[in-house]
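**Student:** Here is the input, now give the coordinates:
(2 chains, ligands or ions: 1)
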Amino acid sequence: MALNPAQPSVPDITCREVAEWASAYLDAHADDATQVRMALHLAACAGCEAYVSQIAAVRDLLGRLPGPAVEPTLRDRLRQAFSANRTPPPTKM
Amino acid sequence: MNSAIATHESPGPILSAAALPGGFTGPSLSQEERSLIVRLRKGDEGAFDELVNKHHGALIRMALGHVADREAAEEVVQDTWMAVIQGLPRFEGRSSLRTWICGILIHKAKDRGVREKRHATFSDFESHDDDHDEAVDPSRFHQNGEWAGHWAFPPQPWDEQTPEKLLASRQAVAAMQQAIDSLPPTLKEVLILRDIEGIEAKEACELLQITETNLYVRLHRARERVRRAVEIYLEGAALTV
Ligand SMILES: [Zn+2]
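**Tutor:** Take a look at the predicted model:
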């Protein structure tokens, strides 16, 4: 079936609503009816398809972004504290 | 005493480390975290470095939502790591390791923020009103007529290479980081916990004491701001090519 965006074939949910629900949809957190309506809408609407896949891409990118690095002096201090806090080796029981 | 296995405090580090994988029944711990904890309890400094490298940046970012400046954030994060070092022998795995660490940070950062300013933290201000605004700029949709609610200015699709290209571009990375850093604390927290630290929605809700619906509203607003920053970057990049 050719999906013509000019044909209001998905009256149940608007693009504006799809855009609001995108993150919940991606995690399957929306209720079942909404998940289905979203899926139907996305199959028929290029704009929403692009939007939801961009939100998914952003979600995946965020975990790969470099963050603030550890200051060397802090790293040394933490290592020392970690070593100092080690419980002494167990004595044979 | 036979009950030594059941209590995590009494046995020496070797025994408790060995007992750990089986002793933790909580589904929250991934295999990766389990083996990391075993190594940490053996005093493996490499494991500790790994732990710090993995979470330090996110902790700094999250602390910055509550305290005045970078210096204060560094102190809060340092305190957090010290508490982690001291608490590790007693960590029972009821939540994931990352959730536990972020929980300590949030507690310390809020505490410090309140003491610092002698008034409520930012996050107390923008609680509810914020959650009612739409994530996406309404002017991108048709306002009325037959097309009301449909895209007037739909996003331009990204291709498969776009994420890799973004990560490879210093300006794009800076634009995303800037977008994260300028998020209001309530949105920033959720984004960091869920998307940067990878904490499960349920655990993030417990940490922040918000409902899942609330979590998704905030998470989506935060993601949309980062998405928009990328969109603006890409528009600019297209112009300068
Ligand atoms: Zn649509």
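**Student:** pLDDT weak spots in chain A?
**Tutor:** Where chain A drops to pLDDT under 70, the residues are A:1-11, A:87-93.
**Student:** Contact distance from the ion - what residues of it qualify?
**Tutor:** A:15, A:45, A:48 (CB under 5 Å from the ion). C-beta here means a position set from N, CA and C on the backbone, and glycine is covered the same way.
**Student:** In strands, which of these appear?
**Tutor:** Among those, the subset assigned to strands under DSSP state E is empty.
**Student:** Neighbour count for those residues - can I get that in JSON lines?
**Tutor:** Listed next are those as JSON lines, based on neighbours: other CB atoms under 10 Å in any protein chain shown:
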{"residue": "A:15", "neighbour count": "24"}
{"residue": "A:45", "neighbour count": "23"}
{"residue": "A:48", "neighbour count": "26"}
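**Student:** which one is the closest residue to chain A within chain B nearest to, not counting chain neighbours?
**Tutor:** In chain B, the residue that lies nearest chain A is residue B:57 (2.1 Å; CB to the nearest CB). Sequence neighbours aside, residue A:67 is the residue nearest to residue B:57 in space, at 2.1 Å (criterion: CB to CB, 6 or more residues apart in numbering or on different chains).
**Student:** what residues are up against that neighbour?
**Tutor:** B:56, B:57, B:58, B:60, B:61, B:196 (CB atoms under 8 Å, 6 or more residues apart in numbering or on different chains).
**Student:** Same check on residue B:95?
**Tutor:** Counting by CB under 8 Å, 6+ apart, the residues that residue B:95 touches are B:26, B:28, B:103, B:203, B:206.
**Student:** Now do the contacts for the last one.
**Tutor:** When contacts are counted by CB under 8 Å, 6+ apart, residue B:206 touches residue B:95.
**Student:** what about chain B, any weak spots by pLDDT?
**Tutor:** In chain B, residues with pLDDT under 70: B:1-27, B:118-132, B:239-241.
**Student:** Just the helices from it, written as ranges.
**Tutor:** Taking DSSP state H, the helices of chain B run over residues B:13-23, B:31-41, B:45-64, B:70-87, B:97-117, B:122-125, B:128-132, B:162-168, B:170-181, B:185-191, B:201-208, B:212-240.
**Student:** Indicate which one of those helices is closest to residue A:20.
**Tutor:** Ranking those by proximity to residue A:20 (CB to CB) places helix B:212-240 first, at 7.1 Å.
**Student:** From the chain's centroid, how far away is that closest one?
**Tutor:** Centroid separation for helix B:212-240 versus its chain: 17 Å, with CA atoms, centre = their mean, to the nearest Å.
**Student:** ok, now stretch B:230-241?
**Tutor:** So, by CA atoms, centre = their mean, the centroid of stretch B:230-241 is 28 Å from its chain's centroid.
**Student:** what sits up against it?
**Tutor:** In contact with stretch B:230-241 (CB under 8 Å, 6+ apart) are residues A:54, A:58, B:155, B:156, B:158, B:162, B:166, B:169, B:171, B:172, B:175, B:176.
**Student:** and the helix or strand where the second one lies with helix B:170-181, angle?
**Tutor:** So that's residue A:58. Using DSSP states H and E, residue A:58 maps to helix A:46-62. Angle between the axes of helix A:46-62 and helix B:170-181 is 90 degrees (criterion: axes from the mean of the first three to the mean of the last three CA atoms, to 10 degrees).
**Student:** If we go by neighbour counts, what in helix A:46-62 is buried?
**Tutor:** By neighbour count on 16 or more other CB atoms under 10 Å in any protein chain shown, the buried set for helix A:46-62 is A:47-59, A:61-62.
**Student:** My read is that residue A:28 contacts residue A:35, right?
**Tutor:** Yes - assessed by CB atoms under 8 Å, residue A:28 is found in contact with residue A:35 at 6.3 Å.
**Student:** neighbour count winner among these two?
**Tutor:** Legend: neighbour count by other CB atoms under 10 Å in any protein chain shown for residue A:28 and residue A:35, higher for residue A:35 (15 against 8).
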